[in-house]
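Show me how the following folds:
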Amino acid sequence: MPAALSAYLPIAAPGLVLLVACLAAGRRVREPLWPVLVLVLAFILVRDAMTPAGLWRLGTGQGVLWIRFAEDPWSLAALGAGALAATAAMLALLPDLRRLVRWCARPGPLAAGAAGGVLAAAPLLLAAAGTPPEARGGEVAAALLPALLLVCAGGNLAEEVLFRGFLQGRLEQETSPLRAALASALLFAACHSFLASVVTGAGWPLLAFTFYEGLICALLRMRWGVAPAAVAHTVAILLLAGGLP
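Now for the predicted structure:
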């Protein structure tokens, strides 16, 4: 087993066992937001455990928020594959929530999703222009990019199914689509609070970015569906974690 992954599993596994037990104990609860709450807690756990395991680093250098993943392609590929498997399991085992996921109104909006990802990353990329690589996490080896693509695609698809598929879809049953989108973006940013203030020390720039990115993804979901939102999220993180500019 890759070293980074072997450090990660003991950190994340105990909490995940408890959260799976929570889902099992509440399986007869009819309110769909109950499993969403548990899955949000699981999302926070598996993401924040990546930092002490050395699977990624976030920080601010010369006022620039940066993201870098571990230079361990096998661990990143395993994380991406695991996220895809977890997403498939959520969709298969939670049919009431699966029905809330509107994937894509038509094929064309996937291009809108890619444009949304560029728009989400653009402020940070512009702020980083001219900043030395060592001030923003260092260079990224080209050989790492395929594994980086897999972990970004798998992890961000899971996040979008959770926040834009399950949560935003459920909120749209109770309020207007625009309010549901705003609530989805706000909760997404709020779920990065511990990561920003305690785990990494990245602070308010991370919260501002996640709200901005989350709002773009939420509006894409409102207009077109979860698939374009997932494309946007993947493109944004890939651009930032890939070492540009």
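
what about the nearest residue to residue 139 once chain neighbours are set aside, neighbour count?
Leaving aside its sequence neighbours, residue 139 sits nearest to residue 133 (Cβ to Cβ, 6 or more residues apart in numbering; 5.0 Å). C-beta here means a position set from N, CA and C on the backbone, and glycine is covered the same way. Neighbours of residue 133 under the rule other Cβ atoms under 10 Å: 14.

The residue of the chain positioned farthest from its centre: what secondary structure?
Here the chain reaches farthest from its C-alpha mean at residue 28, the gap being 28.4 Å by Cα atoms, centre = their mean. Put simply, residue 28 is coil when judged by DSSP: H, G, I helix; E, B strand; the rest coil.

ok, it - contacts?
By Cβ atoms under 8 Å, 6 or more residues apart in numbering, residue 28 lies in contact with nothing.

so how far is residue 92 from it?
19 Å (Cβ to Cβ, to the nearest Å).

can you pull out the helices in the protein?
3-25, 33-48, 73-93, 95-98, 109-128, 145-160, 168-171, 177-190, 193-194, 204-223, 226-241 (DSSP state H).

Mean pLDDT, distance to residue 58 and mean neighbour count for these - can I get that in JSON lines?
As requested, these are exported to JSON lines (pLDDT from 0 to 100; distance: least, Cβ to Cβ, whole Å; neighbours: other Cβ atoms under 10 Å):
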{"stretch": "helix 3-25", "mean pLDDT": "90", "distance to residue 58": "16", "mean neighbour count": "14"}
{"stretch": "helix 33-48", "mean pLDDT": "93", "distance to residue 58": "11", "mean neighbour count": "19"}
{"stretch": "helix 73-93", "mean pLDDT": "94", "distance to residue 58": "16", "mean neighbour count": "18"}
{"stretch": "helix 95-98", "mean pLDDT": "92", "distance to residue 58": "29", "mean neighbour count": "14"}
{"stretch": "helix 109-128", "mean pLDDT": "92", "distance to residue 58": "12", "mean neighbour count": "18"}
{"stretch": "helix 145-160", "mean pLDDT": "96", "distance to residue 58": "14", "mean neighbour count": "23"}
{"stretch": "helix 168-171", "mean pLDDT": "94", "distance to residue 58": "25", "mean neighbour count": "22"}
{"stretch": "helix 177-190", "mean pLDDT": "97", "distance to residue 58": "14", "mean neighbour count": "19"}
{"stretch": "helix 193-194", "mean pLDDT": "94", "distance to residue 58": "12", "mean neighbour count": "13"}
{"stretch": "helix 204-223", "mean pLDDT": "96", "distance to residue 58": "6", "mean neighbour count": "21"}
{"stretch": "helix 226-241", "mean pLDDT": "96", "distance to residue 58": "10", "mean neighbour count": "26"}
